[in-house]
Structures are given as structure tokens and as C-alpha cells.
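> Sequence and predicted structure are below.
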Amino acid sequence: MRRPLFVYISILLAILSSMAAANPVRVGHVEVAFLSETEQITAGKPFGSAIHFKIDDGWHLYWKNPGDAGAPPSIEWQLPDGFSAGEIQWPYPHRIDLPPLTDFGYDRELTLLVEITPPSNLPESRNVELRATIDWLVCTEICIPGETEVKLELPSGSSNLTANKSANHALFASAREKLPIENEDWEIQASTTEDELLLSIVKPNWVEGKLQSVLFFPEERGIIDNSARQIFQSAGERQTLRIPRDMNVHSSPERLKGILVAEPGWRGHDSEKALEIDLPIEPTEVIAGAKNEISGLWMALLFAFLGGMILNLMPCVLPVLSLKVLGIVGQAEQGRRKSLWHGTIFAAGVIASFLVLAGMILILQAGGNSLGWGFQLQSPAFVFVLSSFLFLFALNLMGLFEIGAVSLGRKAGVSHHAAFQSFLNGVTATVVATPCTAPFMGSALGYSLSQPPVAALLIFAFLGAGMALPYIVLSAFPQLLRFLPKPGRWMVTLKQVMGFLLLGTVVWLAWVLNIQAGGNAVVILLLALLILALAAWIKGQWGSIPLARTRTFTAATAFVLLITFGVSIGLYAIDKFGATALTRTAAEPSGPVWENYSAERLAELRSENRPILIDFTAAWCLSCQVNKRVALENDGVEKRLAELNLALMRADWTKRDDNITSALAQYGRNSVPLYVLYTGKDSAPQFLPEILTPQVVLDALAQVKKKSII
Amino acid sequence: MTRRQFSISTLLALSLFAIAVFAEQKAPETAAVTVATVGQTAPDFTLSDAAGKSHSLSLYKGKYVVLEWINFDCPFVRKHYNSGNMPRLQKEMMEKGVVWLGICSSASGKQGYFEGKELTERLKSEGFSANAYLIDGDGNVGRMYGAKTTPHMYVINPEGSLVYAGAIDDKPSTKLDDVKGATNYIVAALQAAMAGKEISTKSTVSYGCSVKY
């Protein structure tokens, strides 16, 4: 019967001795206490202990990741032999804003829980002294470091004692409520973009009601922009949290560790608020499902070459193509060698201008611009100039005026001049071709994005070579054109018809300009064209060679001056009066609704597993417009889109838009058109071909149906 | 087919093509944000030192420059001055031809802001041995560099680009003992750069007190 008495005495002693020890200790702005959850300890049985801080008003302590500044408290244990202390269990912190910085920490009080395990051979009825050195940094705006030693004496007792809860019970209970819960049944995925971390969250069933706000606190520093607002969005049962990344530290973590803290709590007020997460971060590359379409440089070159050849058949190049064919018919009469010579020079012109284009894209990209194929058409000034040029060209073809009298390079001799001319024709063909993307071209151009400059230039060169090949072949074998009649009157008629085609192109460019810079810009263009027409008329009326020299000279001068005047005043006026931020109103009166593309919306739709079709397009992209009219707005297709409840998004690249450029880059492209289809079940997107027919779209949509039924 | 017909108009198109490209290039300048980024040119600044003499970063082109964000009353800064670590580093690096500038972005009236006689006396007692202690009372230079803490360190190479930004070492504490045994990122960066090697750690998360903007 000795034992109970002895135990009683030792408990009494323990209480007395713990009162005698300096516990709690006040140091500066905090009061530190070392507490145990149990009044006595048992051999081999872990027990809860706590370092408890009372913090003066206006001061704060830090979480394990202190945020932008500060440092967390630390504990250095001095435990008797055989004792071991576990990790600090940190309660969830809150944000402490010190603009422009943000720290993570605690006000008023902080309880750090640590589990201590006594040795299994601990004899009963002993007083055990536990010691620890605590140090911390306590801050308002200024910071003061503190350090103290705390100690706690506990008696060891036997394991069959039940009434073993101390007066600290309530404190431990409330500290436990603030610990993040372990993630068992939450479905959370982490992914990353250039500047954001994205968390997609599906809560388990026991979490009722709607979450109002969720904040992420990373375990490590330098992962997120601590001060930036995190955006929490709900879409059905899936929620997304968008967390701006720390752009100063160039780290790309593979796992995302930290805690999520919810207001008011996962299950309403006074419920658990924090959840521990430790997830792999999926790189954004997941989107690039079709990146392996091209497996190496040689294949990109082949695709570029094929694409270039097909480019000739695209509507933008066709008028120029027919003129070139006429040229070959003419040259054929001068003999095969000469004709081949011209064909080669023409090819050189095409390839050179493709290289210039590629060079400009590369240089501008290096300067931080994001550009792609057809970028020059994103500039209203360029569209204006191209319209003016095509308009003059059309008038010239229709015979309103001739250029002969002021032609350049006269002194250089006829053959030189003609060679120069063939070269320039090549340049013209390329400039006019840019609004189009041919099949194969998209993936080849996209591949060039990820390649060193030399490879990118090579790919563009092959594109040019492909485009020029048919002319070289025709120049080498003019007999292939035997089916054409002999040069004569019909050529003049054809030229005039081509003039009308070019005027049609001008109308189309005016529409592009309207979208880019508004109605004012179109009026300015029309006025400029009027001035150009006047110039052309003067040149035609008084500038032809048989008339007196002074008169032809005056007419030529007036021609040049008027054109310079018209074009420069137009450029000035468009810059000054053109609308800059005109957004395209997606006013499709009937048919399905296409919403404007945004990366956030796409992420949201993808997280819902909705099937999605994205149309990357531009007003100046002829292929895109043709596809839209022929395939996407086809009645059957529209009906099917509605039946399948596809989310439709349109990314309009008519004007420069870095977001769209980077979205294209994510798919490994830098050109439009691009049609991306998410079938809904599969995370990998599918690409539709560059040239669409209703059947092509319907075939692709068939997969959506199959998968959504399963 | 008279090829001459093309001549003038094609030339016109070419020259205007160039105009359009030029216009294209002009556009993005508006979006320029000057926050120092590792690997890019360090933004220039001009600040006055304790004696009122002004210093521009651009004057030190051709030399390695270390920027040290400082607040003498911050416990983390105290660690490096009480231990003599910072003055020793300053001397050592200056002997190697490095220019070392301390910058204080504390607002007037806040902790760490000193001027005039008080400052010169403090610099003396701290053993501050860098080229200059610059006063950034309005915090503009601090914000431009994204300085968050004291200390917060930056290394700029002779070509003027920022090659390191972040903590002084890998022991984020206020304990004097931690100075020993810590890996000093500034020493590592400068040694690598001067030896013509790649700097292995180009950016870290700085630690310390918040800058008292």
C-alpha cells in the first residue's frame, strides 16, 4: 500500500517544484511558458508538451515560413538521456501586411506543440527535469530577438493511472484545433504557369456549404509572391485557387508543400480551418499533347517545305501566282536558260524575304516582344500600307497608268534590271502570302519556336524554298505551260481581272483595319486611296512616254509626291485618330456563342471536364476566315456543337495580344489558325487541321460524343 | 508581262514594310517596369552618401558592385556587424577591386534612418568599411530593386548586369554563432564570377527584418 501514497507525494512535489521554476518567463514583449499536457509521465509513452507565448499587443511572432521578413521561433532541447522530442507542430498563421511586404505569423498568443517520448526504461516515481532553450524574433515594425531557458519538472508514474489530465487541458485542446488537418480525402491538383500556381480543389463530402475564401501558405520561402492577392473561384464542385508566383527567385519546385487556410472554416465557424498539402506540381507541358507531332529538325524542314508548296494554293497567294505564271509564259519566249535564271532569282527573293521575316521575329522576340507568323498584319500601319500598295498595283494592272518612265536601275542594263525585278516579285509574293497558313506550316513554325536561331532560320528558308519550287520547275520546263495560249490579248484581260481580285483584297484589308483601329481608320484609308487614285490618273494621263519630256517629268513628280503625301498623311492620321483599344464584339446574331478566350476561363472549363473547342483566329488570317465561314458556321456543325454542349472559345489575334501569343506557344505554335479540341475526358488536347471542312469538324466531334457517353 | 510595272510599287511596299515593323517595335515600351531582375541590366540610380556626395551606379561600370540593404538597428544586421562579419567582407572585397555600397531605405523617422553627424558617428562605431553608405529616404531605389529585408544583397558585374540577388548567407537567424559555418552567397558569387565561372546560386530568398519603407 505504499505506492499510492508515494505517488501522491511526488505529484505534490512536482507541483511545488514547477511553481518554483521560472515558468512562465517574461522577456521583453513576450511571456514564455513550458507546459505539459499530463501531470505525470510514463515510461515509453509519448506525451504532449507546449511552448506557449503570450505576445504583447501590436507585436507578432512568425510561422515556420516567416514570409518576406522575420524568423520563426526555435527550440533547442536539453532533455535527460533517453528522452526524445518530436517536430514542432505549427498552428496555421495569418498574413501580416507591411506594404510592400507580407509576413506570416501570430498575434497575441502562440502555442507550439511538441510530443516528447520518455525512455521505456524510465523508473517510476522520479522527478524528471526537462529543459529547453527557446529563441525568437518578436516584431512590430521593428524587431527584437529574444532568448530564454525554460524548464519543467514532471514526476514519472505508472501507466495505469487514469486521472492524468492537467489544468492545461483546455489550452492544448484549443492549440490542436489550430493545427492543419491531414489531407486524406481531398482531391487537389497543383499546376503551374509562367507566373501563377494553380490549385484545383474538390472538397470531400463532409465539408458542407460553400467555402468563401481560401489562402495558401507555402512551407518554403521564395515560392509565391507573399503580398499578391490569391484568387479563389468556385465552379460547380471544383474550386480553383490562383496564386501569383515569386518572380524574383528562379526556382521551379517539383512539389507544392504548405497549408490551405479557409475562412470561416471548412465546416463553418469554429471548425477546422487549415489543411496540410504536399502535392506534385504538374508542369504546364501537359497541354502540349501534340508536341511530338514533329520529332526532329529534319521533319520540321520537310513540313516547312511541304507547307510552303501548299501555300501557293492559298487564296492570298493565288493572284500573285497567276501573274507569275504569266511572267513565265513571257520569259519562255526568251529561251529556257533565261527563264530558269529568272525563276531562280525569284526563288532567291522569296527565300530572302522569309529569312528577313524570321530574322525580324527572332530579333523582336529577343527584345521581349511576343510575335508569330503574320505579326506584321497586327499593325494597323502595315495593313494601311499594304492596302495602298495593292490598290496601286490593281490600278496598274487595269491599265490606268504605266510605270516605265520612272523605272529604276535603267543605267544598270536591261538584264540586271530584270533580275532585280524578279527578286522583288519574290518579295511581293511573300508579303502577300503572310495572311495565310497552309497545312503542315503551323506545326513547322511552332517547332521553330523551341529551336536555336539557326534552326529557326533554316525552317523559314525551307518554307520559302517550298513556296518557290513550283516556279523554278515551271521556269525550267516552260513546256508544262503549253496548254496556255500564246501570249497575246488574253493576257491583258487576265491582268485586268486580277486587278479586280486585288481590289477585293483591299476591301478585305479595310475590314481588318476596321477591327484593328475602328471606322475612322477606314475612312482615312479610303481618303488616302482617293489621293493615290488621283496620282495614278495624273501619271496615266500625262506621264506616258510619247508626250513631251517636261510634261512626263512633271506628271511623274506629281505622282511620287501625291503618293508620298497620301500614304504619310494616312499613317499619321491612323496613328492619331484610329481607335486603339477596340475590342471585337462577338455579335453573332444566330448560332452558338463563342466566348472570348482567357487562360483562367479555360482552366475553369477544363477543371469541369467540359469538352472545349478553341478557335485561334485573326481577321487578317484568310485561312481562318475561310474555315470559319465554310466549316465552323456550317449548319450541321453548329447543330452538333450545341447538342454536345461544347464550350466554345475564340482567341482573336487580329491585334497584338501577348496572352494569345503565349497561349499559342503553350500549344507549341506561333501562327493562326489553330483549332484546339478538348474532348472532355482526356486531358490532352487534339488539334484540328489548318484547313477545315464541315466533315473534318464533325469527325473530330464524334470523339467527344463517344467519350462523354462512357 | 512588263516587269517594270512592279518596280516602284514594290519598292514602296518594301520601305513601308520597314515602317510598319518599326511601329511594331515602338509599341511595347509603354509596358516597361523597372524592377531589377537577375540576368538583366541592373537599373541605374543616383543617391547621396553620408557626406552628401552623390553616387550613381553607372559611374561604377567596369567594376563589380555589391549593394547591401542596411538598417543598423535590425537584429539580423546586428548579427553581421557585431560579429564583424560584414566589415570584414567589405574590406576583403574592396581589396579585390569590388565597389561596395550600403543602401538604407528606411523612411525618415523610422528605424535605421540616420543622417548627418549621427550617421557618421554610427558608421565609425560600426566599423562600416564600404565605399559609401547611401541614403534612400523615399525608398525608390529599394522598391526598384525589390529590396525586402535587411540585409538584402545584390551583386552587379562589370557589364552592369545583375548577377546575384538575395540573402547574404544560408543561415536565416539572428544568432552570432551562425555566422561561422554559413555559406556566404556573396563570396561564392564574386569568386565564381571573377574566375570566369558560372555563378551556381544566382538568386535566393533574402532573410532579415522588413525594410522600413
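Yes, it's here. Numbers count the residues shown, from 1 in each chain, chains lettered A, B, ... in the order given.
> Now do the contacts for the most centrally placed residue in chain B.
The centroid of chain B falls nearest to residue B:154 when counting by C-alpha atoms, centre = their mean (4.2 Å). Applying C-beta atoms under 8 Å, 6 or more residues apart in numbering or on different chains to residue B:154 gives the contacts B:36, B:42, B:66, B:67, B:145, B:162, B:164, B:165. Just so you know, the C-beta spots here come from the backbone N, C-alpha and C atoms, and that holds for glycine as well.
> model confidence over whichever helix or strand it is part of, on average?
Here residue B:154 sits within strand B:153-156, counting by DSSP states H and E. For strand B:153-156, mean pLDDT is 96.
> in its sheet, what does that strand sit against?
strand B:65-69 (antiparallel), strand B:162-166 (antiparallel) (DSSP bridges).
> so how far is it off the chain centroid?
5 Å (C-alpha atoms, centre = their mean, to the nearest Å).
> and that strand, C-alpha only, in CSV?
The C-alpha coordinates for strand B:153-156 follow below in CSV (Å, rounded to 0.1, in the frame of the first residue of the first chain):
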residue,chain,number,x,y,z
MET,B,153,22.3,41.7,-51.1
TYR,B,154,22.9,42.3,-54.8
VAL,B,155,25.9,41.7,-57.0
ILE,B,156,26.3,43.5,-60.3
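> how about low-confidence regions in the stretch 451-600 of chain A?
A:544-547, A:579-591 (pLDDT under 70).
> next one: chain B
B:1-34.
> any chance you could map the helices in it?
Taking DSSP state H as the test, the helices found in chain B are B:7-26, B:75-82, B:85-95, B:116-126, B:140-145, B:185-194.
> The second one - contacts with which helices or strands?
Helices and strands touching helix B:75-82, by 3 or more C-beta pairs under 8 Å, 6 or more residues apart in numbering or on different chains; DSSP states H and E, are strand A:143-157, helix B:85-95, strand B:149-150, strand B:209-210.
> To residue A:667, which of the ones you listed lies closest?
Nearest of the helices and strands packed on helix B:75-82 to residue A:667, taken as C-beta to C-beta: strand B:149-150 at 40.0 Å.
> Neighbour count added to the contacts of residue B:154, as TSV?
What follows is the contacts of residue B:154, written out as TSV (neighbours: other C-beta atoms under 10 Å in any protein chain shown):
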residue	neighbour count
B:36	20
B:42	24
B:66	23
B:67	26
B:145	25
B:162	22
B:164	24
B:165	29
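> Out of these, which two are the most distant from each other?
Farthest-apart pair in the contacts of residue B:154 is B:36 and B:66; separation 13.7 Å (C-beta to C-beta).
> and residue A:326, which of the strands paired with strand B:153-156 is closest to it?
Nearest to residue A:326 among the strands paired with strand B:153-156 is strand B:162-166 (59.1 Å), distances taken as C-beta to C-beta.
> mind pulling up the phi and psi values for the residue in the stretch 101-250 of chain A that chain B sits nearest to?
Across the stretch 101-250 of chain A, no residue is closer to chain B than residue A:222, which sits at 3.6 Å (C-beta to the nearest C-beta). When read as degrees, to the nearest 10, the backbone of residue A:222 gives phi 80, psi 20.
> Just give me the neighbour total for it.
Residues near residue A:222, counting by other C-beta atoms under 10 Å in any protein chain shown, number 20.
> low-scoring pLDDT stretches of the stretch 251-400 of chain A, where are they?
For the stretch 251-400 of chain A, the ranges with pLDDT under 70 are A:251-252, A:283-295, A:315-316, A:331-333, A:365-372.
> That one against chain B: which residues are in contact?
A:323, A:326-327, A:329-330, A:360, A:364, A:367-369, A:371, A:375-376, A:378-379, A:381-382, A:385-386, A:388-389, A:392-393, A:396-397 (C-beta under 8 Å from any C-beta of the partner chain).
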